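[1] sequence plus the predicted model coming up.
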There are 2 protein chains.
Amino acid sequence: MSEEARVTFYPWKKTIDVEPDTTLLNAAEDAGVSIEGLCAGNGRCGTCKAIIGEGEAHLTPITTAEEQTLSSEQLGNGYRLTCRAKVSEPGEVSVTVPPDSQKTAGIVLTEGQELEYAIDPLVKKYHVDLPVPSLSDNVADFERIGEALEDTYEIDIEDVDYEVQRELPGQMRTEETEDRLEVTATVYDDQEIIDVEPGLSETAYGLAIDIGTTTVATYLVNLKNGETEAISSQLNPQTKQGGDIMTRMRYTRRNDDGRETLKEEIRAGINETIEEVIQEAGIDREDIYESVFVGNTAMHHLFLGIDPTYVAGSPYVAAREAPIAVKARELGIDINDAGYVYWLPVSGGWVGPDKVSVLLVSGHYKESPTTVCIDIGTNGEISVGNDEEMLVTSAPAGPALEGAELRYGVRAQSGAIETLRIDPETLDPEYETIDDEPPNGITGSGVIDALAQLFEVGLVDQRGKFRDEVLDHPRVRENDDGELEYVVAYEKEAALAEDIVLTQNDIRSIQMAKAAIQAGTRVLMDELDIENPDRVLMAGAFGNYIDKHSAMTIGMYPDIDPDDVVSLGNAAGVGAKLALLDKERRAEAERIVDEVEYFEIAGTDVFQENFMESMYLPHQDFDLYPHVKEKVMRRRELEAARLEAAETED
Amino acid sequence: MSEEARVTFYPWKKTIDVEPDTTLLNAAEDAGVSIEGLCAGNGRCGTCKAIIGEGEAHLTPITTAEEQTLSSEQLGNGYRLTCRAKVSEPGEVSVTVPPDSQKTAGIVLTEGQELEYAIDPLVKKYHVDLPVPSLSDNVADFERIGEALEDTYEIDIEDVDYEVQRELPGQMRTEETEDRLEVTATVYDDQEIIDVEPGLSETAYGLAIDIGTTTVATYLVNLKNGETEAISSQLNPQTKQGGDIMTRMRYTRRNDDGRETLKEEIRAGINETIEEVIQEAGIDREDIYESVFVGNTAMHHLFLGIDPTYVAGSPYVAAREAPIAVKARELGIDINDAGYVYWLPVSGGWVGPDKVSVLLVSGHYKESPTTVCIDIGTNGEISVGNDEEMLVTSAPAGPALEGAELRYGVRAQSGAIETLRIDPETLDPEYETIDDEPPNGITGSGVIDALAQLFEVGLVDQRGKFRDEVLDHPRVRENDDGELEYVVAYEKEAALAEDIVLTQNDIRSIQMAKAAIQAGTRVLMDELDIENPDRVLMAGAFGNYIDKHSAMTIGMYPDIDPDDVVSLGNAAGVGAKLALLDKERRAEAERIVDEVEYFEIAGTDVFQENFMESMYLPHQDFDLYPHVKEKVMRRRELEAARLEAAETED
C-alpha cells in the first residue's frame, strides 16, 4: 500500500489507491467515476480536463498535448488532462472534475430535443481486494467487505441482502489467492449489498417498464453506459379481464381471488417481456438488478396486489403515494433475486407514477411558460400550469386512442395504417403503413388522422355524424348492422380478406376518448384562469406518431400555434429510464409530487359539462378553435363553390 | 381538537390530545408511556408522581390525597400524582416522569439477584383517529396513517410492510364511523408499520428463543407487561444429524442439500415450540410480532441457512457479526408474517449471540471485579476479565454436561436424578429426582454431582479411574462389555427394567467436557495474568441446578470461596428476553461485541496442553485447588484410618 498513491475525485469524494504510472483517467474509472473522453485518451479533445487540488507534485509533468489543448489560463488554474497526467510517486492527490468534464448521457426525444442525465444509477458495482483472514484477523465476512468498501470508496454499508449473506462465504473465496480475496460487491443506494461476485465484474443492467392499461413496454438498459439494449412491447394481459380500468376494478370486487388473478396475470406478462429482452440482448437475468416501473395508479395497485377498492370510487383515495421498493423475489419478477422493483410515487388519486414520469421528462412544472401537457393513453394524464402553480388530473379516455376496441383498430405493427389523408376533392384516402406492407388495420395515430380528415373534408359534421351530402359517395355506405361506415382500404389492396373501414361507432369512440382528455384539460385551464396556454406537450406510448395538426383539428388540445406543440414521445417510459440511470433524477421525481396539486375531476358536474361540449369537433364552441375554424370554413367555401359549379353544369 | 388539551410526557417527548377530565395517568397510557401505579390509581402509593412543567393552570387543583402522599417539598417542586391530577381545560401541559416513577420490570435470577429493565420493546402499538377521506382531503391511506402517527406520537414512519400495505385500505375502514377512522398501527423500531388493525388493539407478544446445540428453549413474553406466559423446551431436532456441532458441519459439506436440511429441521422444531406456547397461553400467532434469537455461532449460521464452511475450521471466520433482522415470513417462522426474526450479534468466530446475551445479563464486562463467566452447554462459552479488559472464547465441551450421550443421561424430566450424594462410609448413593418420581436417568447436574462424589469418597482417583481398593464394593462391577461401572440405582427402585449406572466411559465423557471448559478458562486467565478471579458466574440451560461445590470439586471453575460463585440460571435465554423487552438493553447487547475481545483457542497448542492437564480431577496440579485438596486429603485420612481399623480387626 505504501507504494501506491491515493487519488480522491471530487465532487464524488471517491478515493482510490493506484500504482505509479496510472493515468488519472484510469484511476477515475477504477474509482467508479465517469469522466468524459471523446478522443479516447489521445489528449486532443480536452473533454477529460480536471483541476488538481493537492498533490500536483506527485504527478508527471505537463505534456505537450496538454499545452496544446488547454489554454494558458486553464493551465494556470491547475487544469490537467486526466488522460495524460499520471501518478508518478506515492502521495495524496485530489482531483476536481468540473461539470462539463463529468460524463453525462442524453436521450433524444422527438424534434431534436435531448434530455441530459448523469449515469449515476442506484445500483453500483464496487471492486475490492480483501486481506485473507487469519487467526489474528478473523473479522467476519460481511464486516470484512463492509470495511473494504468504506476504506476504498467511502461508502457506509448498512446491510447485505439476506440471501446474499447466506452464500457470502463461498462467493468471497472463489478467487482466493495467497494474499488477497478479490470480489465485486453490487450495492443498492450505497446502503445494501445485493450481490457479491468473485473477481472483477462490471456487468449491470436495469429495466424501465411502463405498464399501460392496454400496453406494457419494457426497456432493457445497460447501467454502465445508459444504452437501451432491447425493447419489448406487449398487450397488458389484464385486458382479458376488461379493457378499461373500471371493469378490472369490478373484477377484483366480484371475484374472491380477483385481485390475485390480476396480479398474477401482469406478473407473468412482465416476465414474458423480460424473457424477450434478455433473449434479444443475450444477457443473464442475474445481471438485472433493478426494475423501475411507471403506470397509472390502478396499474400500480393491481401490479403490487394492493386493494384497489377505495381508489376506484369517490373520493378516489390511493392506498399509498410514496415511492415503493420491494425485493424482486417477493414479487416474483424474474430479475436478480436480491434486486429491487421500484415504483415512482403516486401523485394522488388517479394521477399515477406514469404522470410523475412524464413531468420528470417534460420539466414544465419548473418552467415559466404556461403549459398543457397531455399523456395520451387509455387514461389520459393531464397537467396544466407552470412553475408557480400546476394542477394534474386523469381523464378516462378509454382504449380507442390506442387502436383498441375499434372495428379495425390495431397496435403499431407491420402493415398498420399510421397516417392517413383524404383528398378534399375526390374524398378518397391516401395512407402510409408501417414497413409499407399492405394494410391490416389502423393504429391510434391513423385513427386520429382519419377523424380529423373526415371532419376537414366534410364527410362528417361537427357532431361526428356522416353528412347527408356525402351519402352517395362510393366509400360511404351502410353495413350489415345498418351502420354508416367509410372505406379506408378495399379488400383488394388490404392484407385482410375484407375491406378496412371506420364505422360511425368507431368515430363515436374516438370522439369520447378525445372529449375526455379535452374536457379534463379545460377544467384545469378554467381552474387556473388560463385562456390559452403558451405551449402544448404531447406524450404517449404512440405520442411520437400523432400528427399534431390532426390532433388539434379534432380538439384534443387547445388551438395554439402548431410550432408551440411539442411531442415528447413515450415520456413515461423515458422518465422511468431517467429514474433508473440517474439517482438525482429519481430524487427529483420523488419531489415532483410536492410541486403539483392533484385535482379530482371524476364524477364532477363541471367535468361532465365540459365533456358534453367536447364531444363536438373540435368543440361545441367553434370559436375556441380559430385555426381549425378557418381551415374548415375555407374547405366549406371550396365545397360550396364546387357544388355551385356542378349545379351550373347541370 | 380545539376542545382537547395537549399533554407531552418527558423524557419520551410523547404527545397526546385528551378530553378534559382525563387523568394524566390515563393520558400517559394512551400515549404509550408506562408510569408506575402500585395502588391502582387510588392516590395512596405515590409511585405515579411526576413533575408538571408548563400548563399547571390547565389541571384540576391539588387533591387531599396528593397533599397526604406527597411531601411539601415535592409539592413545592411541582410534583403531582398522575392518577389524581386531571386535565381541566384545553391547553398545553408538559409532564416529566422521574426515573423512579417510570414503570420498569425485573427478572429474578437465582440467589435473589434481580435484573431491572424498562418495558420499552421495539414493537409498539399506537392507536390513532384518522379523519375520513373526502374529495377535498384524499391523501392516500399510508400517508394518512403516517401523518397521524407523527402528529400524535411524534414518530416519523419510514415505511409499511409490503404485505400490510396491500391490505391497508380494507383494514383501515372496518371501523369507519361518520367522522373518523379508528385504527391501531403496530410499529417496529418506530420506523416500519408491521400491522394495522381496526379499532383499538393492545395485544402484543414476542418470543425469546435460545437455540442450544442440544436443547431449544422458547419463551412467550407479553410485550405489554413483560410477563413470560409460556415456556417450551425441546431437543434440537438437528441432533438427528449429529450431537455435536462438528458432525453437523460435516453433514452440510457431505450432503448437497445438507445445509437446507438442517435449516428446515430447526425451523420445523422452532415452529413446534411456538405452537406449544401459543396453545398453552391461548393466544393468536398473529399477535406475536418479534422473535429474538440467541445461540452459538454454529446454531446462528445453521438456523439462518448461512454457509458455515469457513467458521468450522481455522481461522474460524463467521459469515457475519452484525445483528440481523429478517422478516418472519422469509424464514417461515410461524409468527405474524410481517414480524421479525432478530438475532443478537456474533462476538467473533465461535463466540456467538448466546454469549453476548449472557454478558448482557451478567454485566461483568462493565464491572471492576475480575470475573470468570462460564455458560455451560455443548459449547462452553467463557469470558474472563473486567471493565478494563475482557476476553471471550468458546470451548467444545460436548453434550455430556446436558446429560446426552451418557448411558443413562437424560434431560431434566420427571424422574430424572438431579442431585446425588455418596455416603463416604458405605459408598452407597442418595439421590433426589425431579417430582420425586422413581429414577429413570441422570441429568447434567446429577452427573456433575456423581463425578464429584465418586472422586471425593475415593471411588475414582485423580485420573477418573475406579480405584483398585474399591473393586470389591457391591456397587462397583464389570458390565458385559468388560467396562467398570457404579450402580446409582438398582432396578427394583428405578422406573426402568434395569439398573441405572455410571460407566467408566461416562466418567471419561464428563471429564472431557469439564476439561474443555476448564482449559479454555485457564488459557484466558493466563493470557490476562490472572491467578484467581474475584468471582465466578455460572450460566447454562441447567445452570441453576448445578451444585457449585460439586462443580468446583471436579475443577470446572477455579478454586475460589463458594460465596463468590453465583449462578445466573439460563442467562442466554434471559438476555434474549431483555433484548426483546427493552430496546436500550438491545442496543447495549449490540455494543457488547465492541467491549470484548474474541480469543481463539481452537486448535492451539496452549489449549491442547491445558486440556490434558484439566482431564485430571480437579487438575493435574492439585495445588491449584487448595479447597478441594484439603477436602479430599481429609477424606483420605479418614479412609486410611478406617482401613487401619479394619486391618486391626482382622
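    Sure, I can see it. Since we're looking at a predicted model, the values are computed, not measured.

[2] going along the chain, name the helices of the stretch 401-550 of chain A.
    Under the criterion DSSP state H, counting those that start in this stretch, the stretch 401-550 of chain A contains helices at A:444-456, A:504-527, A:548-553.

[3] ok, which of those helices comes nearest chain B?
    For those, proximity to chain B was assessed by C-beta to the nearest C-beta; helix A:504-527 is nearest, at 13.8 Å. Where C-beta positions appear, they are placed from N, C-alpha and C, glycine not excepted.

[4] for that closest one, buried residues please.
    Within helix A:504-527, the residues that count as buried by 16 or more other C-beta atoms under 10 Å in any protein chain shown are A:504, A:506-507, A:509-525, A:527.

[5] how far away is the residue most central in space within chain A from A:Lys366?
    Nearest to the mean C-alpha position of chain A, by C-alpha atoms, centre = their mean, lies A:Gly573 at 1.7 Å. In this view, A:Gly573 and A:Lys366 are 21 Å apart by C-beta to C-beta, to the nearest Å.

[6] returning to what we had before: distance to chain B and mean pLDDT for the helices of the stretch 401-550 of chain A - can I get that in JSON lines?
    Formatted as JSON lines, these follow (distance: least, C-beta to the nearest C-beta, whole Å; pLDDT from 0 to 100):
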{"stretch": "helix A:444-456", "distance to chain B": "31", "mean pLDDT": "93"}
{"stretch": "helix A:504-527", "distance to chain B": "14", "mean pLDDT": "96"}
{"stretch": "helix A:548-553", "distance to chain B": "31", "mean pLDDT": "92"}
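
[7] so which bits of stretch A:196-203 are buried?
    Quick answer for stretch A:196-203 (16+ other C-beta under 10 Å): A:Val196, A:Glu197, A:Pro198, A:Ser201, A:Thr203.

[8] which outside residues touch that stretch?
    The contact list for stretch A:196-203 (C-beta atoms under 8 Å, 6 or more residues apart in numbering or on different chains) reads A:125, A:127, A:145, A:160, A:164, A:167-168, A:171-175, A:182-186, A:224, A:283, A:287.

[9] end-to-end on that stretch?
    End-to-end distance of stretch A:196-203 (C-alpha to C-alpha, to the nearest Å): 12 Å.

[10] please apply the same query to stretch A:614-632.
    Chord length of stretch A:614-632, first to last residue, is 17 Å (C-alpha to C-alpha).

[11] what is the mean pLDDT for it?
    Computed over stretch A:614-632, the mean pLDDT rounds to 95.

[12] quick one: contacts of it?
    The list of residues contacting stretch A:614-632 from outside it, by C-beta under 8 Å, 6+ apart, reads A:451, A:455-456, A:460-464, A:511-512, A:514-516, A:518-519, A:522, A:552-555, A:558-559, A:612-613.

[13] change it to 7 Å
    Stretch A:614-632 is contacted from outside by A:455-456, A:462-464, A:511-512, A:515, A:518-519, A:552-555, A:559, A:613, using C-beta atoms under 7 Å, 6 or more residues apart in numbering or on different chains.

[14] thinking again about what came up before, among the contacts of stretch A:196-203, name the ones in strands.
    Using DSSP state E, A:Lys125, A:His127, A:Val160, A:Glu182, A:Val183, A:Thr184, A:Ala185, A:Thr186 are the members of those that sit in strands.

[15] residues near the spatially closest residue to A:Leu81 that is not a sequence neighbour, how many?
    Closest residue in space to A:Leu81, ignoring its immediate chain neighbours: A:Glu66 at 5.0 Å, by C-beta to C-beta, 6 or more residues apart in numbering or on different chains. Neighbours of A:Glu66 under the rule other C-beta atoms under 10 Å in any protein chain shown: 20.

[16] ramachandran coordinates for A:Glu66?
    Per-residue torsions, A:Glu66: phi -70, psi -40 (degrees, to the nearest 10).

[17] OK, contacts around it?
    Applying C-beta under 7 Å, 6+ apart to A:Glu66 gives the contacts A:Gly43, A:Arg80, A:Leu81, A:Arg84.

[18] for these, work out which two are farthest apart.
    Greatest spacing in the contacts of A:Glu66, by C-beta to C-beta: A:Gly43 and A:Arg80 (10.6 Å).

[19] where does the stretch 201-350 of chain A dip in pLDDT?
    Counting by pLDDT under 70, the stretch 201-350 of chain A contains no low-confidence segment.

[20] ok, which stretches of it are strands?
    For the stretch 201-350 of chain A, the strands defined by DSSP state E, counting those that start in this stretch occupy A:205-211, A:215-222, A:228-235, A:288-295, A:324-327, A:340-343.

[21] counting contacts, what elements does the second one pack onto?
    Judged by 3 or more C-beta pairs under 7 Å, 6 or more residues apart in numbering or on different chains; DSSP states H and E, strand A:215-222 is in contact with strand A:205-211, strand A:228-235, helix A:258-281, helix A:571-581.

[22] can you spell out which helices and strands pack onto the first one?
    In terms of contact count using 3+ C-beta pairs under 7 Å, 6+ apart, strand A:205-211 is assigned the packing partners strand A:215-222, helix A:258-281, strand A:288-295, helix A:571-581.

[23] parallel or antiparallel, which strands does that strand pair with?
    strand A:215-222 (antiparallel), strand A:288-295 (parallel) (DSSP bridges).

[24] residue numbers of the stretch 251-400 of chain A in contact with chain B?
    Residues of the stretch 251-400 of chain A lying close to chain B by C-beta under 7 Å from any C-beta of the partner chain are A:304-307, A:309-310, A:314-322, A:326, A:330, A:346, A:348-349.

[25] among the residues you listed, which are in helices?
    A:Leu304, A:Thr309, A:Tyr310, A:Glu330 (DSSP state H).

[26] now a ChimeraX select for only the buried ones of these.
    The following ChimeraX line selects those of these that are buried, judged by 16+ other C-beta under 10 Å:
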select /A:304,309,310
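
[27] closest to chain B out of the ones in helices among the residues of the stretch 251-400 of chain A next to chain B?
    Nearest to chain B out of those is A:Tyr310 (C-beta to the nearest C-beta; 4.7 Å).

[28] gap between that closest one and B:Asn138?
    9 Å.

[29] can you check which residues contact both of the two?
    With C-beta under 7 Å, 6+ apart, A:Tyr310 and B:Asn138 have common neighbours A:Val317.

[30] report how many residues lie close to the residue nearest to A:Leu207 when sequence neighbours are not counted.
    Nearest residue to A:Leu207, sequence neighbours excluded (C-beta to C-beta, 6+ apart): A:Ser291, at 4.0 Å. By other C-beta under 10 Å, the residues close to A:Ser291 number 28.

[31] my guess is A:Ser291 contacts A:Ile209. True?
    Yes: assessed by C-beta atoms under 7 Å, A:Ser291 is found in contact with A:Ile209 at 5.8 Å.

[32] re earlier: for the ones in helices among the residues of the stretch 251-400 of chain A next to chain B, give me a markdown table that also has distance to B:Arg253.
    Output for those, formatted as a markdown table (distance: C-beta to C-beta, whole Å):
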| residue | distance to B:Arg253 |
| --- | --- |
| A:Leu304 | 41 |
| A:Thr309 | 52 |
| A:Tyr310 | 54 |
| A:Glu330 | 31 |
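
[33] and the two most separated of the ones in helices among the residues of the stretch 251-400 of chain A next to chain B?
    Most distant of those, by C-beta to C-beta, are A:Tyr310 and A:Glu330, 23.6 Å apart.

[34] okay, now the unreliable bits of the stretch 451-600 of chain A?
    A:541-544.

[35] please list the residues of it that sit near chain B.
    Counting by C-beta under 7 Å from any C-beta, the stretch 451-600 of chain A sits next to chain B at A:Glu600.

[36] how about 10 Å then?
    Residues of the stretch 451-600 of chain A lying close to chain B by C-beta under 10 Å from any C-beta of the partner chain are A:Tyr598, A:Glu600.

[37] give the contact list for whatever residue of the stretch 451-600 of chain A ends up closest to chain B.
    Of the stretch 451-600 of chain A, the residue with the smallest distance to chain B, taken as C-beta to the nearest C-beta, is A:Glu600 at 5.6 Å. Contact analysis of A:Glu600 by C-beta atoms under 10 Å, 6 or more residues apart in numbering or on different chains lists A:314-316, A:348-351, A:393-394, A:607, B:135-136, B:138.
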